[in-house]
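here are the coordinates; sequence isn't available:
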């Protein structure tokens, strides 16, 4: 049988199960010198089109959305009368009345929460003012706009101290007194359009608006969506796993998401010795036998995809050792568009059991899932 005929047979398979059967025949029909060509062609035609460009989306995060920030900005602008009343004492009063405005002033300085926390340590040194921690800053910036002043003397004293050190830090940074002159080859973070001339620059942009070219340059300079992507990195990393778990739960399939379980327990219970264990093990609750291993991998980088593909080689060996337990891949990200040494080998090692978020429901059509589904 020619290579072309084998590829056509795989591409023309009527069902996912028939596709898997055709892919499993490749080693019998062809020498190893043809395998790469076949798996690459199949990967390109059948699997790559379903790889969604997840870089085009971000998780919603209320703290980073416009509603939260705009509300804080409106209060900051109103209480400072358009950023004209910005003495240290006036800023302290603003922060005490509405702690969330710290978010606006910290953003003006271009500092992360950890950086601002360390800055309060520098600012408070001579006066021995207690610095703010990153956790305290987060709490202040997430507080409600209709903030209620503390009703006990101790709580009011704490809030006043936090407002004092916050105001002092903002003032010193804006006045260029906090960090000193930049070393040769470096520039201060305050040398950006909205703070180039201190509060005068802030007032100018607040009153007249920010030109689009300046806005876009700052996005280019700071990294598009970098803060919210970093803040939701855990959610992003778990996106595929969460979708698989939701599907299995909705259809009553017995599984273990191994990341939250002791690896030794997985090995003892199911004889899975590869470490770390695959992301999911699927089992039959009737006799507690292993029925499938599933690995989730997402990446938007081709080189990373190539490296992650090697994981499936070791899982394939474990699948064979366990008597042919089905190995399933759920992939995400355009990094897998790297065909020859990334997606193709995964198709090979899983016998074509490769799914994406858009084809996830089709996974239930292939063995062993039809016999494990217990809910409609």
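Here it is on my side, so go on. On a predicted model such as this, the values are computed, not experimentally measured, just so you know.

so residue 361 touches residue 248, yeah?
No: here residue 361 lies out of contact with residue 248, judged by Cβ atoms under 8 Å, at a distance of 11.7 Å. Every C-beta, even on glycine, is put in place using the N, C-alpha and C of the backbone.

From the neighbour counts alone, determine which of the two ranks first.
Neighbour comparison, residue 361 and residue 248: the larger count goes to residue 248, with 21 against 11 (by other Cβ atoms under 10 Å).

how much space between that one and residue 27?
Residue 248 sits 31 Å away from residue 27, going by Cβ to Cβ, to the nearest Å.

can you check residue 285 too?
Residue 285 is 34 Å from residue 27, by Cβ to Cβ.

Can you get me the centre-to-centre distance for whatever helix or strand residue 155 lives in and its chain?
Using DSSP states H and E, residue 155 maps to helix 153-174. The chain centroid and the centroid of helix 153-174 are separated by 33 Å under Cα atoms, centre = their mean, to the nearest Å.

Stretch 323-337 now?
Per Cα atoms, centre = their mean, the displacement of stretch 323-337 from the mean C-alpha position of its chain is 20 Å.

List the buried residues of that stretch.
Residues 325-337 are the ones in stretch 323-337 that count as buried (16 or more other Cβ atoms under 10 Å).

For the residues you listed, work out which two are farthest apart.
Using Cβ to Cβ, the pair of the buried residues of stretch 323-337 lying farthest apart is 325 and 334, separated by 29.8 Å.

residue ranges with poor pLDDT in the stretch 101-250 of the chain?
Applying pLDDT under 70 to the predicted model, the residue ranges of the stretch 101-250 of the chain that meet it are 237.

try it again with 90
For the stretch 101-250 of the chain, the stretches flagged by pLDDT under 90 are 125-128, 146-151, 180-182, 189-190, 219, 221-239.

So residue 81 belongs to a helix, correct?
No: with DSSP: H, G, I helix; E, B strand; the rest coil as the criterion, residue 81 is assigned coil and is not in a helix.

Tell me how far the following helix or strand past the helix holding residue 155 lies from the chain's centre.
Under the assignment DSSP H and E, the closest C-terminal helix or strand after helix 153-174 is helix 199-208. Taking Cα atoms, centre = their mean, one finds the center of helix 199-208 at 34 Å from the center of the full chain.

Please, where are all the strands along the stretch 201-350 of the chain?
In the stretch 201-350 of the chain, strands defined by DSSP state E, counting those that start in this stretch lie at 255-257, 280-284, 289-298, 327-332, listed in chain order.

could the ones you listed go into TSV alongside mean pLDDT and distance to residue 204?
Listed next are the strands of the stretch 201-350 of the chain as TSV, based on pLDDT from 0 to 100; distance: least, Cβ to Cβ, whole Å:
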stretch	mean pLDDT	distance to residue 204
strand 255-257	96	53
strand 280-284	97	56
strand 289-298	97	44
strand 327-332	97	44
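
so which of these comes closest to residue 274?
Each of those was checked against residue 274 via Cβ to Cβ, and the shortest separation belongs to strand 289-298, namely 8.6 Å.

The closest one pairs with which strands, and in what direction?
Partners of strand 289-298 in the sheet, by DSSP bridges, are strand 280-284 (antiparallel), strand 327-332 (parallel).

Would you mark the buried spots in it?
For strand 289-298, burial by neighbour count (16+ other Cβ under 10 Å) applies to 290, 291, 292, 293, 294, 295, 296, 297, 298.

now stretch 252-267
Within stretch 252-267, the residues scored as buried using 16+ other Cβ under 10 Å are 253, 255, 256, 257, 258, 266.

is it true that the last one touches residue 272?
Yes: applying Cβ under 8 Å as the test, residue 266 and residue 272 come out as touching, 5.5 Å apart.

quick one: common contacting residues for the two?
residue 281 (Cβ atoms under 8 Å, 6 or more residues apart in numbering).

Can you give me the pLDDT of residue 67?
pLDDT recorded at residue 67 is 96.

And it, how close does it get to residue 73?
11 Å.

which of those two has more neighbours?
residue 73 (17 against 8).

For residue 156, which non-adjacent residue is closest in space?
Nearest-residue entry for residue 156: residue 150, 4.5 Å, with adjacent residues in sequence omitted and distances by Cβ to Cβ, 6 or more residues apart in numbering.

Can you lay out the buried residues of stretch 323-337 as JSON lines showing distance to residue 45?
JSON lines is the format used below for the buried residues of stretch 323-337 (distance: Cβ to Cβ, whole Å):
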{"residue": "325", "distance to residue 45": "27"}
{"residue": "326", "distance to residue 45": "22"}
{"residue": "327", "distance to residue 45": "21"}
{"residue": "328", "distance to residue 45": "20"}
{"residue": "329", "distance to residue 45": "17"}
{"residue": "330", "distance to residue 45": "19"}
{"residue": "331", "distance to residue 45": "16"}
{"residue": "332", "distance to residue 45": "19"}
{"residue": "333", "distance to residue 45": "19"}
{"residue": "334", "distance to residue 45": "17"}
{"residue": "335", "distance to residue 45": "19"}
{"residue": "336", "distance to residue 45": "14"}
{"residue": "337", "distance to residue 45": "13"}
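
for those residues, which one is nearest residue 244?
Nearest to residue 244 among the buried residues of stretch 323-337, counting by Cβ to Cβ, is residue 330 at 5.8 Å.

quick one on the thing from earlier: does anything pack onto the helix holding residue 155? Which helices or strands?
Under the contact definition 3 or more Cβ pairs under 8 Å, 6 or more residues apart in numbering; DSSP states H and E, helix 153-174 sits against helix 88-97, helix 102-109, helix 113-124, helix 134-141.

Quick check, central residue of the chain?
The residue lying closest to the centre of the chain (Cα atoms, centre = their mean) is residue 233, at 2.5 Å.

Could you check how far that residue is from residue 61?
Counting by Cβ to Cβ, the separation of residue 233 from residue 61 is 11 Å.

again, but for residue 203
Residue 203 sits 30 Å away from residue 61, taking Cβ to Cβ as the criterion.
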